[in-house]
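Colleague: Predicted coordinates and the sequence they were generated for:
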2 protein chains.
Amino acid sequence: MKRSFIPVEAESHFPIQNLPYGVFRPKNSDVPRIGVAIGDYVLDLAVLDEAGHFNTTSVAGKQVFHQSSLNAFMALGRTAWREVRTQLQRLLSEDEPTLRDNVSLRKRALLRQSDVELLLPAQIGDYTDFYASKEHATNVGIMFRGKENALMPNWTHLPVGYHGRASSVILSGTDIRRPQGQMKLPDTPTPVFGPCRQLDFELELGWFIGPGNSMGQPISVENAEEQIFGLVLVNDWSARDIQSWEYQPLGPFLAKNFATSVSPWVVPLDALEPFRVMGPQQDPEPLSYLRTKGAGAFDIHLEVYLQGEKMKNPHRILTSNFRYLYWSMAQQIAHHTVGGCNLRPGDLLASGTISGPQKETRGCMLELTWRGAEPIRLNNGEQRIWVEDGDTVTMTGWCQGDGYRVGFGQVTGRVLPALK
Amino acid sequence: MKRSFIPVEAESHFPIQNLPYGVFRPKNSDVPRIGVAIGDYVLDLAVLDEAGHFNTTSVAGKQVFHQSSLNAFMALGRTAWREVRTQLQRLLSEDEPTLRDNVSLRKRALLRQSDVELLLPAQIGDYTDFYASKEHATNVGIMFRGKENALMPNWTHLPVGYHGRASSVILSGTDIRRPQGQMKLPDTPTPVFGPCRQLDFELELGWFIGPGNSMGQPISVENAEEQIFGLVLVNDWSARDIQSWEYQPLGPFLAKNFATSVSPWVVPLDALEPFRVMGPQQDPEPLSYLRTKGAGAFDIHLEVYLQGEKMKNPHRILTSNFRYLYWSMAQQIAHHTVGGCNLRPGDLLASGTISGPQKETRGCMLELTWRGAEPIRLNNGEQRIWVEDGDTVTMTGWCQGDGYRVGFGQVTGRVLPALK
């Protein structure tokens, strides 16, 4: 197994096999730059670039690591990403002296993660959210329309998706203000205004787009993965009561646009390659523009924790897996662009709630409590139907290798009471 | 009546009463900058700024006119916009010698519109589309769900809206590629893939946001107009067959994201002030966060022309008016932000199709031809149900003053055949 000279524990999310990209600012500096996580450290790529360690790669002279977002690096495409990744794995490996034995360079380039502030990894031009879990769509459908009409007729033919709000995509750790809004209560004839009473999370993964495509020029399903720079955890916070009143006929709006949280470290698609698996069987066979051969899913274990203000420890309320998704990332990208829509570097696409077949793999409170019928019991005896003020929701996930983990770190957020 | 020393005909859209902002590049230069339209000319604000003519305003030293988008100027807010507008009206007025009699400055600052290339006026972070015409929502509802269920129960209680695609908002004059996509034909059991057969336009107006708000801090309906920098014409191209198959339950996606065209000149809200009128009576009375006093609508006459490849002249296929909209711009902004969603400088909000009570005021082909039941006859004898390849759709609009017009110019686009 490949190892780094930097000590990395077996359960760390950030071994040399991962090397996720992020944007950070040293606590003693105002200047953001790009880094990768390795163990408990951040490796400053701007410093390595200045020292000439990318001179033999396509990023040479492009200043893509002296940036406040990953967009410029994302725009360069997969060949550049691979050259940089190869070079970083070489520089960090235990038997390579270049960085290991250069005390001055190590001091400048390696910072403890506790000594940096992480920033949003990309300037997101557009954010798209899909609905790619069949179990999630089925469960929601049963609750809202009954068992007979659970899945809409289009669902098994195309990856249903919609445009989300880019301005309110925020970094893990940012507090969430409980939204107010209009809702229709069952016992009143007209809608009321007030704080959301059915606040929920949605466990998702998202992926950032690389070079993208020109308007009118679709990305084929065969070439779609070339566009995936890397993945992050996404919590698509949702106000269910606002959603059920507003969403007909144009889809969710205020129910989703108050906040969407993402994790700071972008895990390269190449780091996930060893964990590629077959996705669910697709029946009926998709139309040709969505038809793929081989394994398009990834075995990524996912967990969600909830911690109320009175709880000493977070309580794990669900586990799921990215491999459950019916529609692959490649299919979602191909569908998104087939009509000519252009994707740009830094655009974020997310999967929709990742639910699996078992009850404990349901990816949001709506499904876990079956719209309130089956409350969750927490480790201090409290119950939950929805997310309450003061609750912190934390999602994490990793791929389990032989003696190492390729992990996503976490996305976390605490709920503040609604404005008075 | 206020007049400029620059000759402006009575039917020109760009008298001294208007002064819309745009981004342009002189044909002999690579450097974009900000200008205003006056008659057949563009006044280069970067040149005026360099010459010190904004030194007494809040834009002094901020370089907001040496830019490739209006975002920096939009971010400054209404006081700065008014100072600049007042100064421009002074400099352009017939009895003010500063610019009029300075031959050298005039030569540098005034360019013929035919000698410049216009660019997209803003870098649009997020684009939101509303559904604010009651007549449009009712007509569509009757066609899709029957007369009894035409308006959804939420429609009269809130301005229904959804997030559109920012990446594919394009400037007037850009050709539109007919999208391909998945659709469900009535006579086949499974969906098919192919070129859209029901291509449509939607007549809309859009408005660019100024400083915006922080996440979690709503904009009140009273303060909402302070956030409106100015308005443009919007053609929200729509693929009806793709839309009807995909839109349940998350709303339109590929049916809309292939292209949205906007006009280049942004008409300041202050230029529309003389044309403020009462909007339609709202019944039921909206909830308090949407309740407004006074006139929140604007009397803007709108026209749409269609010209096929074989037609010598464009044919006017409808006239409408912005005043027909049920929900005001202020109400749409207040609703958008009431849950905490943040708006940023340069964000674009659009009204949705602007239809009125008469048949000839219906703002899209879907309504005009009643889903194909009543084809339109054009001036060369051709008929249309939907927009065909080679057709050019042009929208225009203006406010009629006493001897002058405050106009929007036009938004136009020609349809190219689908990719083979």
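Modeller: Okay, I see it.
Colleague: Let me see the ranges of the helices in chain A.
Modeller: A:45-50, A:71-76, A:78-92, A:97-100, A:103-109, A:134-145, A:240-246, A:269-272, A:329-337, A:365-368 (DSSP state H).
Colleague: Quick one, which of these gets closest to chain B.
Modeller: With Cβ to the nearest Cβ as the criterion, chain B lies closest to helix A:240-246 of those, at 5.7 Å. To be clear about C-beta, it is placed using only N, CA and C from the backbone, and glycine gets the same treatment.
Colleague: Just give me how far that closest one sits from the chain centre.
Modeller: 24 Å (Cα atoms, centre = their mean, to the nearest Å).
Colleague: Tell me which residues of it come out buried.
Modeller: A:240-246 (16 or more other Cβ atoms under 10 Å in any protein chain shown).
Colleague: what residues does that helix touch?
Modeller: If you take Cβ atoms under 8 Å, 6 or more residues apart in numbering or on different chains as the criterion, helix A:240-246 is touched by A:144, A:179, A:181-184, A:191, A:196-200, A:252-256, A:366, A:386, B:154, B:158, B:160, B:339.
Colleague: Can you list which of these are found in strands?
Modeller: A:181-183, A:199-200 (DSSP state E).
Colleague: Show me which pair in those residues is furthest apart.
Modeller: The distance between the two most remote of these (Cβ to Cβ) is 17.3 Å, for A:Q182 and A:D200.
Colleague: What is the neighbour count of the residue nearest to A:M143 when sequence neighbours are not counted?
Modeller: Counting by Cβ to Cβ, 6 or more residues apart in numbering or on different chains, A:R371 is the residue found nearest to A:M143 once chain neighbours are left out, at 5.1 Å. A:R371 has 19 neighbouring residues, counting by other Cβ atoms under 10 Å in any protein chain shown.
Colleague: and what of A:V266?
Modeller: 25.
Colleague: so it touches A:F208, yeah?
Modeller: Yes. Under the criterion of Cβ atoms under 8 Å, A:V266 makes contact with A:F208 at 6.1 Å.
Colleague: Now for the two: what residues contact both?
Modeller: A:70, A:121-122, A:229-232.
Colleague: For B:Q400, state which of the residues you listed is nearest.
Modeller: For the shared contacts of A:V266 and A:F208, the nearest to B:Q400 is A:A122 (46.6 Å; Cβ to Cβ).
Colleague: A:S68 is in contact with that closest one, correct?
Modeller: No. If you go by Cβ under 8 Å, A:A122 and A:S68 don't touch, sitting 10.0 Å apart.
Colleague: quick one, what contacts A:E226?
Modeller: Contacts of A:E226 (Cβ under 8 Å, 6+ apart): A:77-78, A:210.
Colleague: Next: A:V192.
Modeller: A:182-185, B:287.
Colleague: Just the buried subset of those, please.
Modeller: A:182-184, B:287.
Colleague: Max pairwise distance over those residues: which two?
Modeller: Longest span within those, Cβ to Cβ: A:K184 and B:L287, 11.6 Å.
Colleague: Smallest distance to chain B belongs to which residue of chain A?
Modeller: A:G251 (2.4 Å).
Colleague: What does the pLDDT read for that residue?
Modeller: Note for A:G251: predicted pLDDT of 96.
Colleague: Next, the contact list for it, please.
Modeller: A:162, B:162, B:247, B:249-252.
Colleague: Longest strand in chain A, by number of residues?
Modeller: Max-length strand for chain A by DSSP E is strand A:405-416.
Colleague: closest to A:D115 among the contacts of A:G251?
Modeller: Distances from A:D115 to the contacts of A:G251, taken by Cβ to Cβ, are shortest for A:Y162, at 39.8 Å.
Colleague: Output stretch A:85-97 as CSV, nothing but the C-alphas.
Modeller: C-alpha atoms of stretch A:85-97 as CSV (Å, rounded to 0.1, in the frame of the first residue of the first chain):
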residue,chain,number,x,y,z
ARG,A,85,-2.5,14.4,-8.6
THR,A,86,0.4,12.2,-9.8
GLN,A,87,2.9,14.8,-8.8
LEU,A,88,1.3,15.3,-5.4
GLN,A,89,1.2,11.6,-4.7
ARG,A,90,4.9,11.4,-5.7
LEU,A,91,5.9,14.4,-3.5
LEU,A,92,4.0,13.1,-0.5
SER,A,93,5.1,9.5,-0.7
GLU,A,94,7.3,8.0,2.0
ASP,A,95,10.2,7.2,-0.2
GLU,A,96,10.4,10.6,-2.0
PRO,A,97,12.9,13.0,-0.4
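Colleague: so A:G352 touches A:S133, yeah?
Modeller: Yes. If you go by Cβ under 8 Å, A:G352 and A:S133 touch, sitting 6.1 Å apart.
Colleague: follow-up on the earlier one: and the buried ones among the contacts of helix A:240-246, selectable in PyMOL?
Modeller: In PyMOL syntax, the buried subset of the contacts of helix A:240-246 is picked out as below (16+ other Cβ under 10 Å):
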select buried, (chain A and resi 179+181+182+183+184+191+196+198+199+200+252+253+254+255+256+366+386) or (chain B and resi 154+158+160+339)
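Colleague: a markdown table for the buried ones among the contacts of A:V192, including distance to B:S114?
Modeller: Output for the buried ones among the contacts of A:V192, formatted as a markdown table (distance: Cβ to Cβ, whole Å):
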| residue | distance to B:S114 |
| --- | --- |
| A:Q182 | 49 |
| A:M183 | 54 |
| A:K184 | 55 |
| B:L287 | 50 |
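Colleague: Mind checking which of A:A122 and A:S68 has more residues around it?
Modeller: A:A122 (25 against 15).
Colleague: who touches that one in this structure?
Modeller: A:69-71, A:74, A:208, A:266, A:346, A:348.
Colleague: Please name the nearest non-neighbouring residue to A:G161.
Modeller: For A:G161, ignoring the flanking residues on the chain, the nearest one in space by Cβ to Cβ, 6+ apart is A:F130 at 4.2 Å.
Colleague: wait, the one you found sits on A:T353?
Modeller: No. Contact criterion Cβ under 8 Å: A:F130 and A:T353 do not qualify, at 9.8 Å.
Colleague: Fine, thanks again, bye for now.
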